[in-house]
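Participant: attaching a predicted model along with its sequence, questions to come.
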Amino acid sequence: MPGRVTSRAVFSSPHSGSDYPTAFMAGALLDPVALRSSEDAFVDRLFEAAPRAGAPMLVARFPRAYVDLNRKEDELDPALIAGVERVATNPRIAAGLGVIPRVVGEGRAIQAGKISMEEAQLRLRQAYRPFHKMLEQILLQQRRRFGSAILFDCHSMPHDALSAAPLVHGRRPDVILGDRFGASCGHWLIDAAMGIFTAEGFAVARNAPFAGGFITQHYGKPVSGIHALQIEIDRKLYMDERTILPHSGFREASERLARVVVALAQVCDQAQSLAAE
């Protein structure tokens, strides 16, 4: 949290957690680097300017391979968790990407066999519920303080995922902004964010192939005074996806994104005032 909150913006990084429990690692089929392939590694560092810009930032502690904070709590996978009844087809669960993932990138199984319902509930109590309770509290505090709140939900995307993205002036996008096709925030917000990223030299696309996940959908309720925008950054800009280590472009990407964060924190108040007129 910043020493003094001066912006209605809130930044979250739900997939950058890297605290892998020992028991979880002991039961994993994959090596640590393979497990981390689903992690939004270093996104918390890329957006760490948020508190200095007067905006709260919430960062996950536990990794996405352990529990996925960007899923509904009841998206439990019967192929992974003993005792879960099969329900109507859910494409995320079918792909092994429920709230407790069965696989990481490229469909690689995290472990052999199933976990107990007790283990699943432990992960939800330990990691999922505290994160969402805190995020909700921060957003409500911001709305009480400023009259509205703006959530920037920060993620990274594998470079290969951009093969499905639309070209931006002849090139693949560096950044994809997702507002659930206009449902999770006012149009003024995504327009302003697009202008800020573009001014820093990023190629920016909207909603394709990532329009926003559970967090954007669940918290983004513009009519209730809470706007949510998902931000996806191409990992190739700052890290080696094979080794999960920052590369020589990390510093430049961090500096550019620090300026973006400051501008986003500031423009929230300016754009919101214009939207209210």
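Facilitator: Happy to help now that I have it. Note that the structure is a prediction, hence the values are computed from the model and not measured. Numbers count the residues shown, from 1 in each chain.

Participant: CA atoms for contacts and neighbours, from now on please.
Facilitator: Fine.

Participant: so, low pLDDT: which residues of the stretch 151-277 of the chain?
Facilitator: Along the stretch 151-277 of the chain, segments meeting pLDDT under 70 span 268-277.

Participant: and Val43, how close does it get to Phe181?
Facilitator: 24 Å (CA to CA, to the nearest Å).

Participant: settle it for me: which of these two has more neighbours?
Facilitator: Val43 (24 against 13; other CA atoms under 10 Å).

Participant: for burial, what's the neighbour tally of Pro246?
Facilitator: Close neighbours of Pro246, defined as other CA under 10 Å, add up to 17.

Participant: is it in a bridge, and if so with what?
Facilitator: In this entry, Pro246 is beta-bridged to Met239, by DSSP bridges.

Participant: shouldn't it be in contact with Asp240?
Facilitator: Yes: counting by CA atoms under 8 Å, Asp240 is a contact partner of Pro246 at 6.1 Å.

Participant: next, the buried residues of the strand or helix carrying Trp188.
Facilitator: Using DSSP states H and E, Trp188 maps to helix 187-199. The neighbour-count criterion (16 or more other CA atoms under 10 Å) identifies 189-190, 192-194, 196-197 as the buried residues of helix 187-199.

Participant: show me what that helix is packed against.
Facilitator: Secondary-structure packing of helix 187-199 (3 or more CA pairs under 8 Å, 6 or more residues apart in numbering; DSSP states H and E): strand 175-178, strand 204-206, helix 250-276.

Participant: could I get the CA-only coordinates of that helix as CSV?
Facilitator: The C-alpha trace of helix 187-199 is given here as CSV (Å, rounded to 0.1, in the frame of the first residue of the first chain):
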residue,chain,number,x,y,z
HIS,A,187,-15.3,3.1,-22.7
TRP,A,188,-13.3,6.2,-21.6
LEU,A,189,-11.1,4.0,-19.5
ILE,A,190,-9.9,1.6,-22.2
ASP,A,191,-9.6,4.5,-24.6
ALA,A,192,-7.4,6.4,-22.1
ALA,A,193,-5.3,3.3,-21.3
MET,A,194,-4.8,2.6,-25.0
GLY,A,195,-3.5,6.1,-25.6
ILE,A,196,-1.1,5.8,-22.6
PHE,A,197,0.4,2.5,-23.8
THR,A,198,0.6,3.7,-27.4
ALA,A,199,2.4,6.9,-26.3
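
Participant: what's the offset of that helix from the middle of its chain?
Facilitator: Between the centre of helix 187-199 and the centre of its chain there are 18 Å (CA atoms, centre = their mean, to the nearest Å).

Participant: number of residues surrounding Gly213?
Facilitator: 18.

Participant: could you confirm His155 falls within a strand?
Facilitator: Yes: assessed by DSSP: H, G, I helix; E, B strand; the rest coil, His155 belongs to a strand.

Participant: list the contacts for it?
Facilitator: 13-15, 40, 43, 230-233 (CA atoms under 8 Å, 6 or more residues apart in numbering).

Participant: now the helices for the protein?
Facilitator: Along the chain, the segments classed as helices by DSSP state H run 22-26, 32-35, 43-46, 91-94, 117-123, 129-146, 187-199, 214-219, 250-276.

Participant: hmm, Asp19 is touching Arg61, no?
Facilitator: Yes: judged on CA under 8 Å, Asp19 makes contact with Arg61 at a distance of 5.9 Å.

Participant: return every residue with contacts to both of the two.
Facilitator: Among the neighbours of Asp19, none is also in contact with Arg61 (CA under 8 Å, 6+ apart).

Participant: these two: which is more packed in?
Facilitator: Arg61 (16 against 11).

Participant: distance of the more buried one from Ile115?
Facilitator: Distance, Arg61 to Ile115, using CA to CA: 21 Å.

Participant: so which of the contacts of His155 belong to strands?
Facilitator: Judged by DSSP state E, the subset of the contacts of His155 located in strands is 13, 230-233.

Participant: which among these end up buried?
Facilitator: Buried subset of those (neighbour count, 16+ other CA under 10 Å): 13, 230-233.

Participant: and which of those is nearest to Arg251?
Facilitator: For these, the minimum distance to Arg251 (CA to CA) is 14.7 Å, reached by Ile233.
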